[in-house]
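Engineer: kindly generate the corresponding structure for this input.
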Amino acid sequence: MEKFDHKTSPSLNNKHISIKALFIVFAASAIAVLVYWQVYQARLAVVQDNHDDKLSLVQTEFVKELSSIKKLTQVLADNKNLKRGNKLRYMFRDRESIRSINDYFVNFGLLSPIISQIRWIDITGNERFRVDFKNGEAKVVEQKELQNKMSRYYFRQGIAIEAPDSFLSKIDLNMEHGSIVEPYVPTMRVTYRTSSSDYIVDGLIIINFDLSALFQRIRSYSSDNNQVNIVNKEGFWLFNNDESKQWGFMLSRPELTLGNSNPQLWELMLEHKEIAQRYYDKSVYTIDTLPTIFLKKHNETLNEVIYIYIKSKNTLLTKIQLTALSYAGLSAFVLLVIGGFILYREHCYAKVLRKLFDELRAEKLELDSVNNELSNTIRQQQLLQDSFVEAQKLSSLGMLVAGVAHEMNTPIGGAIISVTNAESVMRRLNEGIRTGLTKSLLESSVLSLDDNLGLAKVNLDKAAVLVKSFKKMAIDRNNEEFIECNIEAIIKELLIALNSRLKTSKIKIITRFDDDYTLKSRPGIISQVVENLIMNALNHAFEESQSGEIEIRVYKSKKGDVNISVSDTGCGIDKHQQTVIFEPFHTSARGKGNIGLGLYMVSQWVTQILKGQLSLDSDPQRGEKYKTRFTITLPDK
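Structural biologist: I've put the predicted structure just below:
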């Protein structure tokens, strides 16, 4: 019990409350910051995961498109109709050769919906062959309509590559006769260098690939919350949710660049590393590059660097911050309310404390008196517990005394009768001596005295054995030292003392001693334990007037310990009862005067005093003879 210190002044409580209030405010602020950071990071992680998913989808689309474009170009160029074999190049200038090449280009271009144009340009930039594709139809351009493309960047870059390598142009808009084709067609050109030694034309095979379908798929991935943006290496948009910002480099609008609209983002993009990067202003950005195809022969990329970034809504980051702030504010408010309530309670308690201060000082002496009384009560309780253990021993001993007294009635009664008969014979003999002693009287008296004295001696010997057994048992049960003892002798002496109770019962006691076991232990406690187990079986295992058996067996375990088992053929113990059977005051026969301490004391004696183990094995449904078996394992010291 906490003692009240009458020297402590209640006026100090205000200072304590102020300190606690400051601590609560600090704790609430710290937790609010932690909650804000956790909620902010969790919401931001969701946005970033969505960005990563969009980024992966767009990159996958580009990988598939670029791979198919490069393969289609290689397949187109690798055809015998385009190669001269052993013939000279001028031999293919006849109308039939030209028609066969145009037919091949037509058939090949119709196989893929993304091919918008196939051209074969010679080294001087003149188109030698050209087929246009639109809406699933092919148009072979006549010779007079063919153009010179020497001024175009893709021709200059493609022709500079050593045959038979390829070149992928940048993504731009398709142009015809110096003008941009409308509606705008996002186009990528793939060139394949053809040499004069292998091909009919020394120049470039160029395929224009219409990327409209690709850009449409990318647009389906873009939304207001996760906007997909693609820019080229100069910072011009190739793809933007706002289509008016696209193709600034083709439309002569240099202001339509990422560098103008967001210089910090563009600077970070130019420093882009191999992994995706994050950037934050009012929005969340995830930055990466689109895949590139490498030219293994020259260890360089076929296509230029193209940047991609996923942008969230302009208000998204602010919304995440406000959400995190609301959670943090709510957490701080709840903690402050709880802390304020605690402080208010403490303040109220302090007011009551100040009011009761003088009264408690006066009552302290009474409290000390009560504490002393409580201490005395606890000591008395401990003494009562010790007395209860002794009472259990005396109760057991009393039962033995009653049994021994009952057993001694028969031999002592027989001895008394024999002595009484001997006294009668002595009186007759004395009377004969006074009146005249005859030989026949003397002989009969001597014979009768001999018989009665012999019978008295036999009965007194039996009584002496009982007394000796009881005396040894009483001494053993009061002996608290470990001594050499014989288990068989202990059990036999116990059964002699219990004979008066057992002989009127229909329960038969059977003993089995596998060997003569002697060990160092406390024989009195062993006797009490076995007695309690026998009485427990008699009181609980059998119905009244029911016949049965109780077996006491002594044997050694494989480990060398001595086992004493007490088994009965009674009703058995169900599983629920087995879990609580060794608990104090548990009994299934409280109405018969049992208080439920028998098996609890047995468990305490075996485990605490004898330092052994007690186990129970019981199954009411068992088909074996013995339904219940208690086993005591004693260490062989």
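
Engineer: where along the stretch 201-350 of the chain do the helices fall?
Structural biologist: 212-221, 258-261, 263-270, 316-435 (DSSP state H, counting those that start in this stretch).

Engineer: which other helices and strands does the shortest one contact?
Structural biologist: Using 3 or more CB pairs under 8 Å, 6 or more residues apart in numbering; DSSP states H and E as the contact criterion, the secondary-structure elements in contact with helix 258-261 are helix 263-270. Glycine gets a C-beta too; all of them are placed from N, C-alpha and C.

Engineer: let's see the helix it packs on as PDB, backbone CA atoms only.
Structural biologist: Provided in PDB are the C-alpha atoms of helix 263-270 (Å, rounded to 0.1, in the frame of the first residue of the first chain):
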ATOM      1  CA  PRO A 263      13.400  24.600 -66.200                       C
ATOM      2  CA  GLN A 264      14.100  22.700 -63.000                       C
ATOM      3  CA  LEU A 265      12.400  19.600 -64.300                       C
ATOM      4  CA  TRP A 266      14.200  19.900 -67.600                       C
ATOM      5  CA  GLU A 267      17.600  20.300 -65.900                       C
ATOM      6  CA  LEU A 268      16.900  17.200 -63.800                       C
ATOM      7  CA  MET A 269      15.900  15.300 -66.900                       C
ATOM      8  CA  LEU A 270      19.100  16.200 -68.700                       C
END
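
Engineer: one step back: where among the helices of the stretch 201-350 of the chain is the average confidence lowest?
Structural biologist: Sorting the helices of the stretch 201-350 of the chain by mean pLDDT places helix 316-435 lowest, at a mean of 76.

Engineer: okay, the helices of the stretch 201-350 of the chain in TSV with distance to residue 600 and mean neighbour count next?
Structural biologist: Rendered in TSV, the data for the helices of the stretch 201-350 of the chain read as follows (distance: least, CB to CB, whole Å; neighbours: other CB atoms under 10 Å):
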stretch	distance to residue 600	mean neighbour count
helix 212-221	75	15
helix 258-261	85	16
helix 263-270	78	16
helix 316-435	10	14
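
Engineer: so which of those is nearest residue 196?
Structural biologist: With CB to CB as the measure, helix 212-221 is the member of the helices of the stretch 201-350 of the chain nearest residue 196 (35.0 Å).

Engineer: and the closest one, what other elements does it pack with?
Structural biologist: Short answer (3+ CB pairs under 8 Å, 6+ apart): helix 212-221 packs on helix 13-77, strand 186-194, strand 226-231, strand 237-239.

Engineer: using a markdown table, lay out these together with mean pLDDT, mean neighbour count and distance to residue 258.
Structural biologist: Below are those laid out as a markdown table (pLDDT from 0 to 100; neighbours: other CB atoms under 10 Å; distance: least, CB to CB, whole Å):
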| stretch | mean pLDDT | mean neighbour count | distance to residue 258 |
| --- | --- | --- | --- |
| helix 13-77 | 88 | 15 | 17 |
| strand 186-194 | 91 | 23 | 18 |
| strand 226-231 | 92 | 22 | 5 |
| strand 237-239 | 93 | 24 | 7 |
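
Engineer: which one of those lies closest to residue 418?
Structural biologist: Judging the helices and strands packed on helix 212-221 by CB to CB, what sits closest to residue 418 is helix 13-77, at 92.5 Å.

Engineer: which SSE is immediately downstream of that closest one?
Structural biologist: helix 95-109 (DSSP states H and E).

Engineer: and that following helix, what's buried?
Structural biologist: Across helix 95-109, burial judged by 16 or more other CB atoms under 10 Å covers 98, 101, 102, 104, 105, 106, 108, 109.

Engineer: report the lowest-confidence entry in those.
Structural biologist: residue 98 (87).

Engineer: roughly how far apart are that one and residue 192?
Structural biologist: With distances taken as CB to CB, to the nearest Å, residue 98 is found 19 Å from residue 192.

Engineer: export the helices and strands packed on helix 212-221 to a markdown table and tack on distance to residue 541?
Structural biologist: Shown next, in a markdown table, are those (distance: least, CB to CB, whole Å):
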| stretch | distance to residue 541 |
| --- | --- |
| helix 13-77 | 63 |
| strand 186-194 | 96 |
| strand 226-231 | 78 |
| strand 237-239 | 90 |
